[in-house]
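Asker: only the shape, not the letters, is given here:
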């Protein structure tokens, strides 16, 4: 396929701070074209990479990229952390696609998230600031303490009426980043709260029925919300600059088996059944060496798949030959192919990619509790999911699952092994 070269955007690796400072301040000439510093994502910072834009392109699209703001406007409103600003400006560069049906910004609203004080047992890391304004760890935790901590339960999360999008997803737009979950908040207003009026992030009352609101965003999703005087002001900048809301990724469909990750293995709590965890990979290797049909299946040596590239076509030809003459499995070429595949499987297992029962998906806050907060004015809502519990329809439908382990990446400690009881319906 032919790909168009986009010279408006350049990712540059820089290994000398002096050169980086010069480029950030003065720009750089590449192939007789002037480029200016635009942004650097968290991942780019780790890899000593910055994003440059062609100066003419940046100047003509500045209002679109900054959603109507300017550096002067931001500074006049009190300024902000430079690291956060450049990470927020990188959001339009996220890999994303437009949904099948465009999200109408007039059918959306922005509200403050649900935040409560949670009192529980924690391992508390005490972080202090010295005389020079630098932060340091004053005390490394050695035992559990009881602490009361403010938790924003809807951090990075919003909701939409079921049917507006195919599933839970990650959104991207002008300064927007976060997860969206289906929840029928209109049914809640009719059957529970008997009130459809909600207070937006700036204190304005909005009737979600009269305004036909279908999406509720939270302030933790709109990173620069404080720089706008109202939701209407943001919507005007959004429309004036032709901005649209896109989808970064949709939730994975449920499946029986998922690959574990090395970080989870490194933080396994003491007393875990290591042999049990390794049982499936062990049987997998053994079966590949004894079961011809299974070996053909896992290697893709089947003739009933749609072939998209030369490798799959080659495998399909081998599969057809094996169907006609099974003894061909002992051919030296095919034997070497199988041995190479098994060696790769072993390396993968040793790297922590161990198949286990489970699947990756998004974890949603209790949106019923969020609606109790929004429409009932309850500052300490109870919600539907009790403490130390989680609900998952896929495992609930199985009828035999009592407990789940909830893991996330990046994963840094064995305290992140969240064992939860499954709520049954």
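Answerer: That came through, no problem. Model, not experiment: these values are computed from the prediction.
Asker: could you list the low-pLDDT ranges of the stretch 251-400 of the chain?
Answerer: The model of the stretch 251-400 of the chain has pLDDT under 70 over residues 301-314.
Asker: please enumerate the helices of it.
Answerer: Here the stretch 251-400 of the chain has its helices, by DSSP state H, counting those that start in this stretch, at 262-266, 274-288, 292-298, 310-324, 332-350, 367-376, 393-398.
Asker: TSV please, covering these and showing mean neighbour count.
Answerer: All C-beta atoms are positioned from the backbone trio N, CA, C, and that covers glycine. Listed next are the helices of the stretch 251-400 of the chain as TSV, based on neighbours: other Cβ atoms under 10 Å:
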stretch	mean neighbour count
helix 262-266	16
helix 274-288	13
helix 292-298	15
helix 310-324	15
helix 332-350	13
helix 367-376	22
helix 393-398	13
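Asker: make JSON lines out of these and add distance to residue 192.
Answerer: JSON lines is the format used below for the helices of the stretch 251-400 of the chain (distance: least, Cβ to Cβ, whole Å):
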{"stretch": "helix 262-266", "distance to residue 192": "39"}
{"stretch": "helix 274-288", "distance to residue 192": "43"}
{"stretch": "helix 292-298", "distance to residue 192": "50"}
{"stretch": "helix 310-324", "distance to residue 192": "52"}
{"stretch": "helix 332-350", "distance to residue 192": "49"}
{"stretch": "helix 367-376", "distance to residue 192": "7"}
{"stretch": "helix 393-398", "distance to residue 192": "21"}
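Asker: of those, which is nearest residue 206?
Answerer: For residue 206, the closest of the helices of the stretch 251-400 of the chain is helix 367-376, at 10.5 Å, according to Cβ to Cβ.
Asker: for that closest one, name the packing helices and strands.
Answerer: Judged by 3 or more Cβ pairs under 8 Å, 6 or more residues apart in numbering; DSSP states H and E, the packing partners of helix 367-376 are helix 185-188, strand 197-199.
Asker: would you point out which residue is most central in the chain?
Answerer: residue 170 (6.2 Å; Cα atoms, centre = their mean).
Asker: partner strands of the strand or helix carrying that residue and their direction?
Answerer: Secondary structure assignment for residue 170, by DSSP states H and E: strand 169-173. Strand 169-173 pairs in its sheet with strand 176-182 (antiparallel), strand 246-250 (antiparallel), by DSSP bridges.
Asker: most tightly surrounded among those strands?
Answerer: strand 176-182 (a mean of 22; mean count of other Cβ atoms under 10 Å).
Asker: give me the mean pLDDT for it.
Answerer: For strand 176-182, mean pLDDT rounds to 96.
Asker: who are the contact partners of the residue nearest to the centre of the chain?
Answerer: 177, 178, 179, 180, 247, 248, 249, 362 (Cβ atoms under 8 Å, 6 or more residues apart in numbering).
Asker: closest to residue 400 out of these?
Answerer: Among these, and counting by Cβ to Cβ, the member closest to residue 400 is residue 362, at 23.8 Å.
Asker: wait, that closest one sits on residue 248?
Answerer: No: counting by Cβ atoms under 8 Å, residue 248 is not a contact partner of residue 362; they are 11.6 Å apart.
Asker: of all the helices of the stretch 251-400 of the chain, which one is nearest residue 205?
Answerer: helix 367-376 (12.0 Å).
Asker: list the contacts of that closest one.
Answerer: 111, 113-114, 153-154, 159, 181, 183, 185, 188-189, 192-193, 195-198, 216, 378-379, 381-385.
Asker: out of those, which are buried?
Answerer: 111, 113-114, 153-154, 159, 181, 183, 185, 188-189, 193, 196, 198, 216, 381, 383, 385 (16 or more other Cβ atoms under 10 Å).
Asker: distance across stretch 121-135, terminal residue to terminal residue?
Answerer: Stretch 121-135 has its terminal residues 24 Å apart, counting by Cα to Cα, to the nearest Å.
Asker: wait, what's in contact with residue 218?
Answerer: Contacts of residue 218 (Cβ under 8 Å, 6+ apart): 110, 111, 112, 113, 154, 155, 156, 157, 158, 178.
Asker: could you rerun that using 10 Å?
Answerer: Contacts for residue 218 (Cβ atoms under 10 Å, 6 or more residues apart in numbering) come out as 110-114, 152, 154-159, 178, 201, 225, 365, 370.
Asker: nearest to residue 73, out of the helices of the stretch 251-400 of the chain?
Answerer: That would be helix 367-376 among these, by Cβ to Cβ, at 30.0 Å.
Asker: now the angle from that closest one to strand 176-182?
Answerer: Interaxial angle, helix 367-376 versus strand 176-182 (axes from the mean of the first three to the mean of the last three Cα atoms, to 10 degrees): 100 degrees.
Asker: once you drop chain neighbours, what's closest to the residue nearest to the centre of the chain?
Answerer: residue 248 (3.9 Å; Cβ to Cβ, 6 or more residues apart in numbering).
Asker: which residues does the one you found contact?
Answerer: Residue 248 sits next to 91, 94, 95, 96, 97, 169, 170, 171, 172, 177, 178, 179 when contact means Cβ under 10 Å, 6+ apart.
Asker: distance check, it against residue 180.
Answerer: Distance of residue 248 to residue 180, given as Cβ to Cβ, to the nearest Å: 10 Å.
Asker: what touches both of these two?
Answerer: When contacts are counted by Cβ under 10 Å, 6+ apart, residue 248 and residue 180 have 169, 170, 171 as shared neighbours.
Asker: sorry, back to before: the strand holding residue 170: which residues count as buried?
Answerer: 169, 170, 171, 172, 173.
Asker: tell me the bridge partners for the fourth one.
Answerer: Listed by DSSP bridges, the beta-bridge partners for residue 172 are residue 177, residue 246.
Asker: end-to-end on stretch 246-259?
Answerer: Note: stretch 246-259 ends 28 Å apart using Cα to Cα.
Asker: now it: how far from the chain's centre is it?
Answerer: Using Cα atoms, centre = their mean, to the nearest Å, the mean C-alpha position of stretch 246-259 is found 11 Å from that of the whole chain.
Asker: now stretch 181-189
Answerer: 23 Å.
Asker: next: stretch 262-272.
Answerer: That offset, for stretch 262-272, works out to 23 Å (Cα atoms, centre = their mean).
Asker: okay then, goodbye and thanks.
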